[in-house]
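>>> Let me see the structure of the following:
(4 chains)
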Number of protein chains: 2
Amino acid sequence: MEKRQERDLSPLKQSARSPDMVIKKETMGKQEPSERVYLDISNAIFEQRLKPGTKLGEQMLCEIFGVNRPVIRRALMRLSYETLVDIRPNRGAFVASPSPEDARQIFEARRAVEEWIARQCVACAGPSDIEHLHAHVAMEAEARRSGDRLHVIRLSGAFHLELANITKNSRMRRFLEELVAQTSLIISLYGKNDESLCDDDHARIVEAIAQKDSESAVKRICAHLDSCLSSLSFAEENDSTDLRSIFMDQHHHNTLSS
Amino acid sequence: MEKRQERDLSPLKQSARSPDMVIKKETMGKQEPSERVYLDISNAIFEQRLKPGTKLGEQMLCEIFGVNRPVIRRALMRLSYETLVDIRPNRGAFVASPSPEDARQIFEARRAVEEWIARQCVACAGPSDIEHLHAHVAMEAEARRSGDRLHVIRLSGAFHLELANITKNSRMRRFLEELVAQTSLIISLYGKNDESLCDDDHARIVEAIAQKDSESAVKRICAHLDSCLSSLSFAEENDSTDLRSIFMDQHHHNTLSS
DNA sequence: AACCGTTTTTTTGTTAACAATCTTTGAGAG
DNA sequence: CTCTCAAAGATTGTTAACAAAAAAACGGTT
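Coordinates of the predicted model:
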């Protein structure tokens, strides 16, 4: 996990929490301050408002959130256990920058987990679950039509968590939450284009679930993840090669001009 | 997660860390104190030396580990995120006591994860991996023969993590680590007998992996987990029924004698 | 202008003290 | 003897201050 890129924290200054959609499924009542900070930062990462490498300075966060330093440290600590934040001793906390190998592992884990989730959904989704999924997909389509990128991202990731909810296994859901948030970082870092790829994947997954077609559901969710993965470009991996070749070229020109 | 049972922390006073076997796969070099405390407590839970409901008082832990309170609090905080410890505001931290529903979810999650791990192992385990697994199974047998219960528990849980290592997916491994530790709590709470059940399950799983028989590997690991689950008794759930029936009986006797 | 060394400032890490809450103990009444 | 209440003690939660490390700024030299 590398890539130190200085970016500002202004995305945190706007309240990130839309009332109708909260990704992190923690209690929404009276919260510990550190919990709130944790959730807000986590959501900001999830929604790609906080980019990989962003420095999360404690004092700055204290001002943004209006809390004391220990509260911030607690939230950052927790985010670091979930590998969303990288705390470097004596240097500060930074939004994590997953390596290509991290990305591979995360997608692999997602695939394993979501395969199981798809099967479970087929086995135990009831009519109200299906209805709920249809409504979600409709919301995605609407957000896409209206060009609300942030909302699309939010709903798109949340779709997978809605599937996980149906399984009623909170541990699997929580694990997927982490993986989904980490996926956001990966897309921030390595995404080539915007997602014009997955337009109706979700709808087709829901259809397979509604028809109790386990095989199709699994196939579609895996295809969806594969398509997402293949839309990434780990060209950053070649940067050193590029710099080297550029340097060699420059050196070559120098010798020619002298 | 309930069940407040006061038990002592003396198991933490002995150094839990056997040099040849460390369950938690964090770096073994220079560690942050809170990391060490976290690992030691985590391992103590894993090895069933710390029982569910045990109160983990901050001051007591400070004395045991020879560190300051903030260090302890950090470790406890982390353990609570992994649901191994239950922090109740103003009351203190307690080793978690999973409910029967928790147990169901944990085993379900384990099954999903370990199914995938088994498949991966079949697909990518090399000769040295197989050899390593054989050695591990031999160590288990030896520990069982010598009656070293603690060692048996340690090795038995570690077997699953060794399988996870072969997949080279650190996120899946880490998730399984948590599930395995949580399983220890469940067995502590709901285990009927000692495990005379799973004597050669591991060996048979290794055999299936060695023979590249994916179907058998999956079947055997699932059977292993099922057998483990069925060895549990959620009789605690029936306590109220027992008390009621006892009370009714007593009442019946009272009416007869009068 | 670039580089290096020193000083200052900023930020992170740690500790101690105080505040708040809960539990235990002891005294008094019935 | 039992129960209730108040006080004391213990524990958890929070805050402020100090220590340590890194980054930035400044001044001098080449």
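>>> where along chain A do the strands fall?
For chain A, the strands defined by DSSP state E cover A:55-56, A:85-88, A:92-95.
>>> so how many other residues sit close to A:E101?
A:E101 has 12 neighbours, counted by other Cβ atoms under 10 Å in any protein chain shown. C-beta coordinates here come from the backbone N, C-alpha and C atoms, glycine included.
>>> where's it relative to DNA strand D, distance?
25 Å (Cβ to the nearest atom of the strand, to the nearest Å).
>>> who in the stretch 1-150 of chain A is up against DNA strand D?
A:32, A:68-71, A:90-91 (Cβ under 7 Å from any atom of the strand).
>>> who wins for neighbours among those residues?
Compared across those, A:V71 has the highest neighbour count, 21 neighbours, by other Cβ under 10 Å.
>>> With mean neighbour count, distance to A:S230 and mean pLDDT added, can I get the strands of chain A in JSON lines?
Formatted as JSON lines, the strands of chain A follow (neighbours: other Cβ atoms under 10 Å in any protein chain shown; distance: least, Cβ to Cβ, whole Å; pLDDT from 0 to 100):
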{"stretch": "strand A:55-56", "mean neighbour count": "20", "distance to A:S230": "31", "mean pLDDT": "93"}
{"stretch": "strand A:85-88", "mean neighbour count": "18", "distance to A:S230": "27", "mean pLDDT": "93"}
{"stretch": "strand A:92-95", "mean neighbour count": "22", "distance to A:S230": "25", "mean pLDDT": "94"}
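>>> Residue ranges in the stretch 1-150 of chain A under the pLDDT threshold?
Filtered on pLDDT under 70, the stretch 1-150 of chain A yields the residue ranges A:1-8, A:10, A:13-31.
>>> Tell me who's in contact with the closest residue in space to A:R111 that isn't next to it in sequence.
Spatial nearest neighbour of A:R111, chain neighbours left out: A:L225 (5.3 Å); criterion: Cβ to Cβ, 6 or more residues apart in numbering or on different chains. If you count contacts by Cβ atoms under 8 Å, 6 or more residues apart in numbering or on different chains, A:L225 has them with A:107, A:110-111, A:114.
>>> same check, this time on A:E162
A:132-133, A:136.
>>> Would you mind saying which of the strands of chain A lies nearest B:P11?
Closest to B:P11 of the strands of chain A, according to Cβ to Cβ: strand A:85-88, at 30.7 Å.
>>> Need the residue closest to the centroid of chain A.
When Cα atoms, centre = their mean is applied to chain A, the residue found nearest the centroid is A:S184 (2.4 Å).
>>> Next up, the contacts around it.
Residues near A:S184 by Cβ under 8 Å, 6+ apart: A:45-48, A:153, A:157.
>>> Please report the separation between the first and final residues of stretch A:89-103.
One end of stretch A:89-103 to the other measures 24 Å (Cα to Cα, to the nearest Å).
>>> Need the residues that contact that stretch.
So stretch A:89-103 is contacted by A:1-5, A:45, A:50-58, A:76, A:79-80, A:83-88, A:106, A:182, A:185-186, A:189-190, A:229, A:232, A:234, A:236-237 (Cβ under 8 Å, 6+ apart).
>>> Now do the domain split for chain A, please.
Domain assignment for chain A by automatic domain parsing gives A:10-95, A:100-233.
>>> What I need now is those written out in a markdown table, including distance to DNA strand C for each item.
Shown next, in a markdown table, are those (distance: least, Cβ to the nearest atom of the strand, whole Å):
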| stretch | distance to DNA strand C |
| --- | --- |
| domain A:10-95 | 3 |
| domain A:100-233 | 19 |
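>>> For the contacts of A:E162, pick the one with the most neighbours.
Counting neighbours by other Cβ under 10 Å, A:L133 leads those with 23 neighbours.
>>> what's the distance between that residue and A:A217?
Separation of A:L133 from A:A217 (Cβ to Cβ, to the nearest Å) stands at 11 Å.
>>> shared neighbours, the two?
Listed as contacting both A:L133 and A:A217 by Cβ under 8 Å, 6+ apart are A:I209.
>>> Please flag which of the residues of the stretch 1-150 of chain A next to DNA strand D sit within helices.
Under the assignment DSSP state H, those contribute A:69-71 to helices.
>>> what's the closest of those to DNA strand D?
A:P70 (3.9 Å; Cβ to the nearest atom of the strand).
>>> which residues touch the closest one?
By Cβ under 8 Å, 6+ apart, the contact list for A:P70 is empty.
>>> for A:L50, same thing?
A:L50 is in contact with A:9, A:11-12, A:41, A:44, A:95, counting by Cβ under 8 Å, 6+ apart.
>>> related to what we said a few turns ago, is it possible to get the strands of chain A out as JSON lines so that each row also shows distance to B:R149?
Formatted as JSON lines, the strands of chain A follow (distance: least, Cβ to Cβ, whole Å):
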{"stretch": "strand A:55-56", "distance to B:R149": "46"}
{"stretch": "strand A:85-88", "distance to B:R149": "38"}
{"stretch": "strand A:92-95", "distance to B:R149": "43"}
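>>> Which residue is the nearest non-sequential neighbour of A:I72?
Nearest non-adjacent residue to A:I72, counting by Cβ to Cβ, 6+ apart: A:L61, 4.6 Å away.
>>> Right, I'll call it a day here.
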